[in-house]
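Engineer: build me a model from this:
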Amino acid sequence: ALEKVYPDKLVKVSAYETTRRPPKKTKARHNIFVDLCPIECDYSRPIPESDYKANREFCEDIVGWSKVCDRIFIFDYVTCFRDYFHPFQNVYSLKGNLKFYLDHGVTMVCSEGVHDTPHGDLAELKTWLLAKLMWNPDQDVDALIDRFLAGYYGKAAPFVRRYFDSLVARQRTHSGPGGHRLGIYEDPGESATADDGFLAEAADLWRQAERAVANEPAVYGRNVRMGAMTTDYHRFLRCAPTLWVTRHPETFIRGEDGPTLARRLLARFAEGKSRAPVRLAESPEKNGSLLRRIETVAARTEPIVAADVAEGLATLIHNDWCKLVDDATASGGQSLEFYPTDYQWCYTLPLPINSFDRGVKYRLRAKLRFRKRPGAPAGNAVCVGVYDPGAAKGIVQWTRRSAQVKDGEWEWVDLGTWTPTDAQYLWMSMGIFDRKKDGRNPAVERMWLDQLEISRADRRFSDARWIWPAELGTPTNMVVEFRRTFVSPKAG
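Structural biologist: Have a look, this model is predicted:
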């Protein structure tokens, strides 16, 4: 019918996630083009060279579609959307992927990278390479990289090349056969670059690069400073943890202090702003959370020391199933309100290992308030867990039933204990329910979070506790209590 009315138009059919498998019998009409998306794939190597399951399945799908459709369009991805400044080292995969697409009848490719911010991890290099390789995917990638670096960074190019080569080498070791998957929503804690030694080396190379162009046209210096933001950002994340729950904080203070790095990042964000401000993540919630964290640390007049706790609201990453609301009954004047329509991971909190004593159990408590449904049967009220993205599995999950919590009153709920390891994160949602049957949580209408507390399970009175929110612009009683019970490194 559409062909008769619009004979000169094409109709797009999205083959995306659950609709990506090609039909077994039906063939596409000549006015249909299929939009095929490899969103689940490993990008550490060209798609057909990876042994990752999703890559093998995608290769089967593109072969299947090429048999039933004459027009295949690829919507590809070339960055980490969870964190734009996360080193997403897929540069040497670009050529192999384009050639693979071409060999299977693909006629159109859209490569989505850092699309809503002027800068990101090697964004300029990737954009230029893709433009060249789409014209001719048989070109020598290293020659193209050298050409770009020389033109974009001038005399700083040799230092940037050394940084790039070191980054690639680490990623290849990290993501070898059977190793780590490089996905487009990768957690920076899983990265091959989540290492102080590499970051120190990278920072030194960027400093040498800036010195090399000190007397050159200003554009080269600006390009170097924009490129160095990735390194400064990840150094900031590692030297300014959001949590301190340790008896030996002196072992975790290292390198350049957090406030200095935070102020430098803000200055470079301002310098790098063009038609749009610099963004750190695709998600507005996470972008805002990360920016608030940097701004909070930058405002400090003294270096971060072990007695400092998390940066309040800046530590939370929440989505559409909950939001921060003004709440006069909450300790800091705001609480996080959860909606009963879903039990997704409504907010997540990174748990960097450099905040904890290794091999020690920690206890989690939450100050919560519930509004139960009148006359409703008992059901799940809250669900909290710890997830390890490196192992791609949940570590622990705690659930509390509606009969176990109060109605309309704030209360501290003791959730449980676990042993933290590298790069875990905490998540929280309203209790799990039958979404098809009930449509929403049948036992609880609303849930509010006022505070979280993380402490050693064998906590002594003198031990530090981490409590969120610790700062909301003015001191709270909880901050006073934290500082009163903190043991400084000198005191042991």
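
Engineer: and Ser455, backbone torsions?
Structural biologist: Main-chain torsions, Ser455, degrees, to the nearest 10: phi -150, psi 160.

Engineer: burial count for it?
Structural biologist: Look at Ser455: counted by other CB atoms under 10 Å, it has 18 neighbours. No exception for glycine: its C-beta is placed from N, CA and C like everyone else's.

Engineer: helix or strand for Thr231, which one?
Structural biologist: helix 218-239 (DSSP states H and E).

Engineer: list the buried ones in that helix?
Structural biologist: Under the neighbour-count criterion of 16 or more other CB atoms under 10 Å, helix 218-239 has 220-221, 223-239 buried.

Engineer: can I get that helix in PDB? Just the C-alpha atoms.
Structural biologist: Presented in PDB, the C-alpha positions along helix 218-239 are these (Å, rounded to 0.1, in the frame of the first residue of the first chain):
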ATOM      1  CA  ALA A 218      47.200  28.500  20.400                       C
ATOM      2  CA  VAL A 219      45.000  26.000  18.700                       C
ATOM      3  CA  TYR A 220      47.500  23.200  19.300                       C
ATOM      4  CA  GLY A 221      47.700  23.900  23.000                       C
ATOM      5  CA  ARG A 222      43.900  23.900  23.300                       C
ATOM      6  CA  ASN A 223      43.700  20.600  21.400                       C
ATOM      7  CA  VAL A 224      46.200  19.100  23.900                       C
ATOM      8  CA  ARG A 225      44.300  20.400  26.900                       C
ATOM      9  CA  MET A 226      41.000  18.900  25.500                       C
ATOM     10  CA  GLY A 227      42.700  15.600  24.900                       C
ATOM     11  CA  ALA A 228      44.200  15.500  28.400                       C
ATOM     12  CA  MET A 229      40.700  15.800  30.000                       C
ATOM     13  CA  THR A 230      40.200  12.000  29.800                       C
ATOM     14  CA  THR A 231      43.300  11.400  32.000                       C
ATOM     15  CA  ASP A 232      42.600  14.200  34.500                       C
ATOM     16  CA  TYR A 233      39.000  13.000  34.800                       C
ATOM     17  CA  HIS A 234      40.000   9.400  35.700                       C
ATOM     18  CA  ARG A 235      42.700  10.600  38.000                       C
ATOM     19  CA  PHE A 236      40.100  12.700  39.800                       C
ATOM     20  CA  LEU A 237      37.800   9.600  40.100                       C
ATOM     21  CA  ARG A 238      40.600   7.600  41.700                       C
ATOM     22  CA  CYS A 239      42.100  10.200  44.000                       C
END
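
Engineer: packing partners for it?
Structural biologist: Helix 218-239 sits against helix 141-153, helix 157-174, helix 196-212, helix 258-272, with contacts defined as 3 or more CB pairs under 8 Å, 6 or more residues apart in numbering; DSSP states H and E.

Engineer: next, the angle helix 196-212 makes with it.
Structural biologist: Comparing the axes of helix 218-239 and helix 196-212 via axes from the mean of the first three to the mean of the last three CA atoms, to 10 degrees yields an angle of 160 degrees.

Engineer: re the thing from before, and of the helices and strands packed on helix 218-239, who's closest to Glu60?
Structural biologist: Closest to Glu60 of these, according to CB to CB: helix 157-174, at 25.7 Å.

Engineer: what comes up buried for the closest one?
Structural biologist: Ala157, Pro158, Phe159, Val160, Arg161, Arg162, Tyr163, Phe164, Leu167, Arg170, Gln171, His174.

Engineer: list the contacts of that helix.
Structural biologist: Around helix 157-174, the neighbours that count as contacts under CB atoms under 8 Å, 6 or more residues apart in numbering are 44, 87, 89, 91-92, 122, 145-146, 149-150, 153, 180, 182, 191-193, 195, 198, 201-202, 205-206, 208-209, 212, 224, 227, 231.

Engineer: now it, how far from the centre of its chain.
Structural biologist: Distance of helix 157-174 from its chain centroid, counting by CA atoms, centre = their mean, to the nearest Å, is 22 Å.

Engineer: so that helix versus helix 218-239, what angle?
Structural biologist: Put simply, helix 157-174 runs at 30 degrees to helix 218-239, going by the same axes, to 10 degrees.

Engineer: please save the CA atoms from helix 157-174 in CSV.
Structural biologist: Extracted C-alpha coordinates of helix 157-174, given in CSV (Å, rounded to 0.1, in the frame of the first residue of the first chain):
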residue,chain,number,x,y,z
ALA,A,157,51.9,14.5,18.2
PRO,A,158,54.8,12.1,19.3
PHE,A,159,53.7,12.3,22.9
VAL,A,160,50.0,11.8,22.1
ARG,A,161,51.0,8.8,19.9
ARG,A,162,52.9,7.3,22.8
TYR,A,163,49.8,7.8,25.0
PHE,A,164,47.6,6.2,22.3
ASP,A,165,49.9,3.2,21.8
SER,A,166,50.1,2.6,25.6
LEU,A,167,46.3,2.8,25.8
VAL,A,168,45.9,0.3,22.9
ALA,A,169,48.4,-2.1,24.4
ARG,A,170,46.7,-2.2,27.8
GLN,A,171,43.3,-2.7,26.1
ARG,A,172,44.5,-5.6,24.0
THR,A,173,46.0,-7.3,27.1
HIS,A,174,42.8,-6.7,29.0
